[in-house]
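In: Using only what follows, build the 3D model:
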Amino acid sequence: MTDRSPERPQEEPKPSASPTRSRPEPEVEQPAPKRVRSNADDKGRGKRLFGNLLGTLQKFKTEDKSSRVTEAAKRREELSERITKKLQSETALNHDIQETDRELKTLRIATETAEAIWRQKEIALSSRHALLKPTAHFLHTALPLPHPPAFETNLLNPAPIPLSAGPTRDPPVKSDLPPLYFLPKILMPHQDDLIKSQVANIDELISEEVAALAAEREQIRTTAKENKKRMEELSAKLSELRKQVKTSKDKDRDLKGGGTEKSESGLKTDELGRAPREEMMEVDDDKSKEDKSRGDKVKDVRDEKEKGVKIEGDEGDIEVEY
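Out: Model prediction:
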């Protein structure tokens, strides 16, 4: 029989006090082996990725182009709306200015014409009354046949006593003699009554015409006062409208000036690099002035150098001296 010694309990290892001994590293799990792909799968996958990338780029390009087209269309539409509104406002403003100016001129012409006609009528009536008053105390022969005058006018009513009507359009006829005024030394009763009735009629006619002329004068004054008041309103309105037009033009000029840039030559240019004609003309004027001043300076320097120059002859005599 074999002697079996009693098993001794295994003693736990004591931790070493020496710092040189390191702890055992934990075991790292090894990754699972990757599946080996074939070259055909890799090529197909690359083609798919490349196709997806191209499709995405094309999509972005199309969206960007459509968005740019949409934004440009919106800007064009907004610009067109602004231009349309501006043109409509300018057209309405110019129409108001024209209508106001036309009404103002019409009122001024009507007022001046009415006053001029009244003055002519007053002068004509004064002349006729000066002829009718002494003529009413005379008798006259038969009236001549009526002939159309050379200048027809409705300025005055026909006189009850024949007066000089001026030249006629038709040639004169010998049988149509002008009236002859006479006053017998001794009047018959019917002649005396005729003269008295003529004087009374002429006095009544003169008083009526003077009253009608005064009433017409008063009416013309009232109308002229109303017209002048209306003309003042129209003048104020016209000046206000013209101020609005000037303000809009100044704004447009400021906007155009704000959008310009200065080029290397110092000219103000627009977005397309074009310089206004006024700027070009100013530059040309400046260049011509500079050239002229430079030429004047050169001439002055040459004159200074030539001062005191002496040209001597062979024997030392002075021939020319500046």
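In: what's the neighbour count on residue 201?
Out: For residue 201, the count of nearby residues is 14 (other CB atoms under 10 Å). Quick note: C-beta positions are derived from backbone N, CA and C, even for glycine.
In: do the same with the one 5 residues further on
Out: Residue 206 has 16 neighbouring residues, counting by other CB under 10 Å.
In: which secondary structure element contains it?
Out: helix 189-258 (DSSP states H and E).
In: What's the mean pLDDT across that helix?
Out: For helix 189-258, mean pLDDT is 87.
In: and the angle from the lengthiest helix in the chain to helix 189-258?
Out: Counting by DSSP state H, the longest helix found in the chain is helix 39-135. On the basis of axes from the mean of the first three to the mean of the last three CA atoms, to 10 degrees, helix 39-135 is oriented at 160 degrees to helix 189-258.
In: Starting from the following helix or strand past helix 39-135, tell me which strands it pairs with and how they run.
Out: Sequence-wise, the next helix or strand downstream of helix 39-135 (DSSP H and E) is strand 139-140. Here strand 139-140 has these sheet partners by DSSP bridges: strand 181-182 (antiparallel).
In: Can you give the contact residues for the partner strand?
Out: 135, 138, 139, 140, 141 (CB atoms under 8 Å, 6 or more residues apart in numbering).
In: In PyMOL, select just the buried ones from those residues.
Out: Buried residues among the contacts of strand 181-182 (16 or more other CB atoms under 10 Å), as a PyMOL selection:
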select buried, resi 135
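In: In CSV: the contacts of strand 181-182, plus pLDDT and distance to residue 56.
Out: Conversion of these to CSV gives the following (pLDDT from 0 to 100; distance: CB to CB, whole Å):
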residue, pLDDT, distance to residue 56
135, 88, 116
138, 90, 121
139, 89, 124
140, 84, 119
141, 81, 122
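In: Which strands and helices lie in contact with the longest helix of the chain?
Out: Contact partners of helix 39-135 among helices and strands, from 3 or more CB pairs under 8 Å, 6 or more residues apart in numbering; DSSP states H and E: helix 189-258.
In: so what does the helix it packs on touch, helix or strand wise?
Out: Checking 3+ CB pairs under 8 Å, 6+ apart, helix 189-258 ends up next to helix 39-135, strand 139-140.
In: Give me the mean pLDDT for stretch 75-86.
Out: 83.
In: Could I get the buried residue list for it?
Out: For stretch 75-86, using 16+ other CB under 10 Å, no residue counts as buried.
In: residue contacts, residue 42?
Out: By CB under 8 Å, 6+ apart, residue 42 has no neighbours at all.
In: pLDDT at it, what is it?
Out: 71.
In: Against residue 111, how distant is it?
Out: Using CB to CB, to the nearest Å, residue 42 is found at 102 Å from residue 111.
In: same deal with residue 56?
Out: 81 Å.
In: These two: who's more crowded?
Out: residue 111 (19 against 10).
In: Next, the contact list for the more buried one, please.
Out: 223, 224, 227, 228, 231.
In: Does the last one touch residue 106 like I think?
Out: Meaning residue 231. No. Using CB atoms under 8 Å, residue 231 makes no contact with residue 106, being 10.0 Å away.
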